[in-house]
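Asks: predicted model, plus sequence, below.
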Amino acid sequence: MRPALALASLSLIVLTGAVASPKPPSIEGSYRLVSRDFPDGSKQVPPAVNGLITYTKGYRNFNIYWKDAGGKLFSVSYVATYQLTPKEYREKSIFFQVNDEIGGKGVSYDLSDQSAASSVTITGMRVQMQMPLHGEPEVAFEGNKMTATGKGVFGTFVDNWERVP
């Protein structure tokens, strides 16, 4: 009787596709910005650029700033809730602030509770996705490293982050 039950269960799983998706690798932790690479081969390192991002079980807290050649600052502070599944990254904004001295726009706030989602690609232990709100970059997590590839609102760059203990 048991072999028949096992075969029936396996047939049901195969026919319905009712196999639980594996959990994505964890991105939880705090990451420190190590460097920013530009397309022309130049690089910024702290203190010209600095940042920290923390992912808990359901929240993201992101802070970054950089200076231009004249010493003017650009900074972003962001708090959001998030959900990560093997197929989707969903985020809901709580607080988004930009201080744009470089562009002469000063401080702006977005306190709306907008939400959006993007697809996730998982290859082995690598998790990759486009951040879905505020023109943020595509990110990839692998081991203790995170990269953010910007091609838009905030410029063209690759930020290199390391998980801190």
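Replies: Now that the structure is in, tell me what you want to look at. Numbers count the residues shown, from 1 in each chain.

Asks: tell me which element the residue nearest the centre of the chain is part of?
Replies: Note on the chain: the residue nearest the mean C-alpha position is residue 139, at 5.0 Å, using C-alpha atoms, centre = their mean. For residue 139, the host element (DSSP states H and E) is strand 138-142.

Asks: still on that earlier bit, the residue nearest to the centre of the chain pairs with what?
Replies: Residue 139 forms beta bridges with residue 129, residue 148, as assigned by DSSP bridges.

Asks: where exactly do the strands run in the protein?
Replies: 29-37, 43-44, 49-55, 59-67, 73-84, 88-100, 106-110, 115-123, 126-130, 138-142, 145-152, 155-164 (DSSP state E).

Asks: which helices and strands sit right next to the fourth one?
Replies: Applying 3 or more C-beta pairs under 8 Å, 6 or more residues apart in numbering; DSSP states H and E, one finds that strand 59-67 contacts strand 49-55, strand 73-84. (C-beta placed from N, C-alpha, C; glycine too.)

Asks: would you mark the buried spots in the shortest one?
Replies: Okay, so that is strand 49-55. Judged by neighbour count using 16 or more other C-beta atoms under 10 Å, the buried positions of strand 49-55 are 49-51, 53, 55.

Asks: and those residues as TSV, adding pLDDT and distance to residue 69?
Replies: Conversion of those to TSV gives the following (pLDDT from 0 to 100; distance: C-beta to C-beta, whole Å):
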residue	pLDDT	distance to residue 69
49	96	13
50	97	17
51	98	19
53	98	25
55	97	32
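
Asks: okay if I get the helices and strands packed on strand 59-67 as a markdown table plus distance to residue 130?
Replies: Putting the helices and strands packed on strand 59-67 into a markdown table (distance: least, C-beta to C-beta, whole Å) gives the following:
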| stretch | distance to residue 130 |
| --- | --- |
| strand 49-55 | 16 |
| strand 73-84 | 13 |
